[in-house]
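**Student:** requesting a structural model of the entry that follows:
(chains A, B, C and D)
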Number of protein chains: 2
Amino acid sequence: MALAERARTARRAELVSAAARLFSERGYHGTSMQHLGDALGLQRGSLYAHIGSKQDLLFDVVEEGADRFLDRGAQAESLDGTAADRLRALLVGHVETATQHLDASTVFLNEWRYLEPEPRSAIQAKRDRYESMVRSIVEDGIATGEFRPDADVRFAATLILSAGNWVYAWYREGGELTPTEIGNRFAELITKGLEA
Amino acid sequence: MALAERARTARRAELVSAAARLFSERGYHGTSMQHLGDALGLQRGSLYAHIGSKQDLLFDVVEEGADRFLDRGAQAESLDGTAADRLRALLVGHVETATQHLDASTVFLNEWRYLEPEPRSAIQAKRDRYESMVRSIVEDGIATGEFRPDADVRFAATLILSAGNWVYAWYREGGELTPTEIGNRFAELITKGLEA
DNA sequence: AGGATTCCCAAACGACCGTTTGTTTGTGAC
DNA sequence: GTCACAAACAAACGGTCGTTTGGGAATCCT
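**Tutor:** Model prediction:
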């Protein structure tokens, strides 16, 4: 039973992984169950032994992406150090996550809107939580006098997320900057604009 | 005559406009000819009196988006003034364009990859041209001593484009910042990080 | 008035969509 | 050794896909 269960979940993980790749390449609506079946060497109907629907797959991929960002964000938030340190940690973590899991991150960032209302609002809640992490770091920096008192918290958070969320669109392996370097430079530049 | 004149037809413009809205809302693959027909009050087959294929529509929408960014970029590039002035003008123009034509910009930025190879490379050329505009402004700033001599031109351009290209994902009318203000604040923040 | 040209409808094309069904196959548990 | 059960197949479901065709009004040019 344990073995059978593990095998079942292993197959499902394969399917979610293939879905991440295909959804990121061809889009959710551009990917058919046939494409997914081909990727696993199965008939498209056989996939329904592992999932309830195509929507389920989309949700799994999107949630996987969301959770990774949240985890790294929480780590950064709990660091000791200045607000600038935590901001840097968050941005580095963000870029590292986006690049190490490029497929799931891409789906998370631009296929999530094809989720049906209920699952979409579950993901929206996670997005909101992540954004509030960024905001609270900036607020801390202002409270401690590290950042300009007149800095617009919402706008600063938006700029930080804009920088991080566009990475998937241009990053390709083998570039001249490592993900860690990219995150650090983003942090450097943005921090400079915020400093008191 | 047939092609050039038809392209100017009011009905076709309506169709391209509806396509911009629907493609941006539902994605290219998530939008059917039926959806487009409904939007114009026509049978889906009747649309083929005005276009050659669904791909043609996607190309028109994407190119329209690309050309608007290029136009504003060229205006900014030709301004007299410091590099920071031109950078500011470009960013303000970028944000204004993205928000005034949110639908076409959204399609330009995340449906263009569904173009077939030939039209896609035509759009890629325009994207490259735009990116090189941004780069040359930064290079100018370095050459005149306005920006730090050790600034990484490619990275700076990427950050600028990241900020501008993510606007479509969060901007909604009626926010507390106007597009012009958003562009100005982006420019302010990024310039500060680049200054000598 | 006559002829050509637009614009659109109605219907059909073959292909493919996501999903369900009934059945066979292989494997682990007792 | 046989039994239970999950995994996969083969086939079919009703529906939709993008596109083509043939014809019928309306409109424009002359």
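**Student:** now do the contacts for A:H94.
**Tutor:** A:F69, A:R72, A:G73, A:G164, A:V167, A:G183 (Cβ atoms under 8 Å, 6 or more residues apart in numbering or on different chains). Where you see a C-beta, it was placed from the backbone N, CA and C, and this is true even at glycine.
**Student:** among those, which are in reach of DNA strand C?
**Tutor:** Among those, not one lies near DNA strand C by Cβ under 7 Å from any atom of the strand.
**Student:** quick one: which of those sit in helices?
**Tutor:** A:F69, A:R72, A:G73, A:G164, A:V167, A:G183 (DSSP state H).
**Student:** pipe the residues you listed into TSV and attach neighbour count, pLDDT and distance to DNA strand D per row.
**Tutor:** Shown next, in TSV, are the ones in helices among the contacts of A:H94 (neighbours: other Cβ atoms under 10 Å in any protein chain shown; pLDDT from 0 to 100; distance: Cβ to the nearest atom of the strand, whole Å):
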residue	neighbour count	pLDDT	distance to DNA strand D
A:F69	25	98	30
A:R72	21	98	32
A:G73	23	98	34
A:G164	25	98	33
A:V167	24	98	31
A:G183	26	97	39
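**Student:** quick one: which of those residues is nearest DNA strand C?
**Tutor:** A:F69 (26.9 Å; Cβ to the nearest atom of the strand).
**Student:** buried ones in the lowest-mean-pLDDT helix or strand in chain A?
**Tutor:** The helix or strand with the lowest mean pLDDT-type score in chain A, counting by mean pLDDT, DSSP states H and E, is helix A:2-26 (a mean of 79). Using 16 or more other Cβ atoms under 10 Å in any protein chain shown as the test for burial, helix A:2-26 gives A:R12, A:L15, A:V16, A:S17, A:A18, A:A19, A:A20, A:R21, A:L22, A:F23, A:S24.
**Student:** now stretch A:185-193
**Tutor:** Neighbour count says stretch A:185-193 has A:R185, A:F186, A:A187, A:L189, A:I190, A:T191, A:G193 buried, by 16+ other Cβ under 10 Å.
**Student:** next secondary structure element downstream of the least confident helix or strand of chain A?
**Tutor:** Scanning forward in sequence from helix A:2-26 by DSSP states H and E, the next helix or strand is helix A:33-40.
**Student:** quick one: list the elements packing against that following helix.
**Tutor:** helix A:2-26 (3 or more Cβ pairs under 8 Å, 6 or more residues apart in numbering or on different chains; DSSP states H and E).
**Student:** what does the helix it packs on contact?
**Tutor:** A:31, A:35-36, A:39-40, A:47, A:50-51, A:57-58, A:60-61, A:64, A:102-104, A:106-107, A:111, B:29.
**Student:** and A:S162, what element?
**Tutor:** helix A:153-165.
**Student:** which strands and helices sit next to that helix?
**Tutor:** Using 3+ Cβ pairs under 8 Å, 6+ apart: helix A:153-165 touches helix A:83-100, helix A:117-143, helix A:179-194, helix B:153-165, helix B:167-170, helix B:179-194.
**Student:** JSON lines for those, including distance to B:P117?
**Tutor:** JSON lines is the format used below for the helices and strands packed on helix A:153-165 (distance: least, Cβ to Cβ, whole Å):
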{"stretch": "helix A:83-100", "distance to B:P117": "26"}
{"stretch": "helix A:117-143", "distance to B:P117": "33"}
{"stretch": "helix A:179-194", "distance to B:P117": "29"}
{"stretch": "helix B:153-165", "distance to B:P117": "23"}
{"stretch": "helix B:167-170", "distance to B:P117": "25"}
{"stretch": "helix B:179-194", "distance to B:P117": "34"}
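**Student:** just flag the most distant two among the ones in helices among the contacts of A:H94.
**Tutor:** A:G73 and A:V167 (15.1 Å; Cβ to Cβ).
**Student:** what's near enough to touch the nearest residue to A:K54 once chain neighbours are set aside?
**Tutor:** Excluding the flanking residues, the one nearest A:K54 by Cβ to Cβ, 6 or more residues apart in numbering or on different chains is A:M33, at 6.4 Å. By Cβ under 8 Å, 6+ apart, A:M33 lies in contact with A:R44, A:L47, A:K54.
**Student:** so where is chain A shaky, pLDDT-wise?
**Tutor:** Along chain A, the parts satisfying pLDDT under 70 run over A:1-8.
**Student:** count of neighbours near A:G41?
**Tutor:** 7 (other Cβ atoms under 10 Å in any protein chain shown).
**Student:** returning to that earlier point: so which of the contacts of A:M33 wins on neighbours?
**Tutor:** Busiest of these [other Cβ under 10 Å] is A:L47, holding 22 neighbours.
**Student:** secondary structure and distance to DNA strand C added to the contacts of A:M33, as a markdown table?
**Tutor:** Output for these, formatted as a markdown table (DSSP: H, G, I helix; E, B strand; the rest coil; distance: Cβ to the nearest atom of the strand, whole Å):
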| residue | secondary structure | distance to DNA strand C |
| --- | --- | --- |
| A:R44 | helix | 4 |
| A:L47 | helix | 7 |
| A:K54 | helix | 4 |
